[in-house]
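J.: Need a 3D model of the following:
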Amino acid sequence: MSHHKSLKEECSEANRLLPETGLVDLTFGNVSVCDPDAGVFAIKPSGVAYPDLKASDIVVLDLEGRVVEGELRPSSDTPTHRRLFQAFQGIRSVVHTHSRYAVSFAQAAREIPAMGTTHADYFHGPVPVTRDMTVEEIQGEYEWETGNVIVERFRSLDPLEIPAVLVRNHGPFTWGPSGAKAVETAQALEVVAQMALQARQINPDVSPLPAALLGKHFLRKHGPGAYYGQK
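T.: Numbers count the residues shown, from 1 in each chain. Here you go, the predicted structure:
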């Protein structure tokens, strides 16, 4: 009998959302969901096709990386997820995809600029890109070091205000308070990446969103003064 049934169900449901959103090709994507009170997180097993994924397949690990439940091998990106759960207080889920527009910005080593209010509804500023990883980081504990370069990039940023990052040459990670919300943020990231690219194609000299408008749209949906939606 599973001791983490609801956690595994939330994780499997969030992973099955990925192909529905169009964010993943093949098996290029994974979602993890954390239970901070129990000190564990659940994550998709490596290489399992989304239509075949069941809650019983989900792997549960502690925050030191030890498997506590599950027979399958966890995602190869597990150390990156674990590092983010350790570093970013207040997040419960991490999503990694290779969605095409966000990956295009990551491969170009360019942040996604805040060009309009759609961006501001989810991200209180540009979505940052990490630095190049060193040879030692790549040849060492690569996935763990990927998490470290993300954490390094957020030294002066609030991960709750900008819940996404582009890992240079690799792709996006997003996070949030639930599996469903983190997947929604990943979908929003792909949308605003496409919009930013197309806006720059239409007008290469276009300016970013004014700070006042950026703040207005972000804060009407986030924080104690939020008034968007229903109570």
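
J.: okay, and for this protein, where does confidence drop off?
T.: 1-2, 223, 225-231 (pLDDT under 70).

J.: Can you tell me the SS state at the residue positioned nearest the centre of it?
T.: Residue closest to the average C-alpha location in the chain (CA atoms, centre = their mean): T174, at 1.5 Å. Secondary structure, DSSP: H, G, I helix; E, B strand; the rest coil: T174 is strand.

J.: and it, what does it touch?
T.: Shown in contact with T174 (CB atoms under 8 Å, 6 or more residues apart in numbering): V94, V95, P163, A164, A182, T185, A186, L189. The C-beta positions use only the backbone N, C-alpha and C, and glycine is treated the same way.

J.: got the residue ranges for the strands in this structure?
T.: For the chain, strands defined by DSSP state E occupy the ranges 29-35, 40-43, 59-62, 67-69, 93-97, 164-167, 171-176.

J.: Sketch out the helices for the protein, chain order is fine.
T.: Assigned by DSSP state H, the chain shows helices spanning 5-21, 78-87, 100-107, 117-120, 135-139, 142-153, 179-202, 211-219.

J.: Who are the packing partners of the first one?
T.: Read it as helix 5-21. Helix 5-21 sits against strand 29-35, strand 40-43, strand 93-97, helix 179-202, with contacts defined as 3 or more CB pairs under 8 Å, 6 or more residues apart in numbering; DSSP states H and E.

J.: Give me the buried positions along the first one.
T.: Read it as strand 29-35. Neighbour-count burial for strand 29-35 flags G29, N30, V31, S32, V33, C34 (criterion: 16 or more other CB atoms under 10 Å).

J.: what does the last one give?
T.: Applying a neighbour-count criterion of 16+ other CB under 10 Å, one finds 179-197 buried in helix 179-202.

J.: ok, now the shortest one?
T.: For strand 40-43, burial by neighbour count (16+ other CB under 10 Å) applies to V40, F41, A42, I43.

J.: what distance separates it from the centre of its chain?
T.: Distance, stretch centre to chain centre, for strand 40-43: 15 Å (CA atoms, centre = their mean, to the nearest Å).

J.: helices or strands next to that strand in the packing?
T.: Secondary-structure packing of strand 40-43 (3+ CB pairs under 8 Å, 6+ apart): helix 5-21, strand 29-35, strand 59-62, helix 78-87.

J.: which strands and helices sit next to the shortest one?
T.: Packing partners of strand 59-62 (3+ CB pairs under 8 Å, 6+ apart): strand 40-43, strand 67-69, helix 78-87.

J.: Including distance to L53, could the ones you listed go into a markdown table?
T.: Shown next, in a markdown table, are these (distance: least, CB to CB, whole Å):
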| stretch | distance to L53 |
| --- | --- |
| strand 40-43 | 11 |
| strand 67-69 | 16 |
| helix 78-87 | 16 |
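
J.: Check these for me and report the most buried one.
T.: Compared across the helices and strands packed on strand 59-62, strand 40-43 shows the largest average neighbour count, a mean of 26 (mean count of other CB atoms under 10 Å).

J.: Paired strands for that strand, with orientation please.
T.: strand 29-35 (antiparallel), strand 59-62 (antiparallel) (DSSP bridges).

J.: Give me the contacts around it.
T.: Taking CB under 8 Å, 6+ apart as the rule, strand 40-43 contacts 4, 7-8, 10-11, 30-35, 58-63, 68, 74-75, 78, 81-82, 85.

J.: Try it again at 6 Å.
T.: Residues from elsewhere that reach strand 40-43 (CB atoms under 6 Å, 6 or more residues apart in numbering): 7-8, 11, 32-34, 58-60, 62, 68, 74-75, 78, 85.
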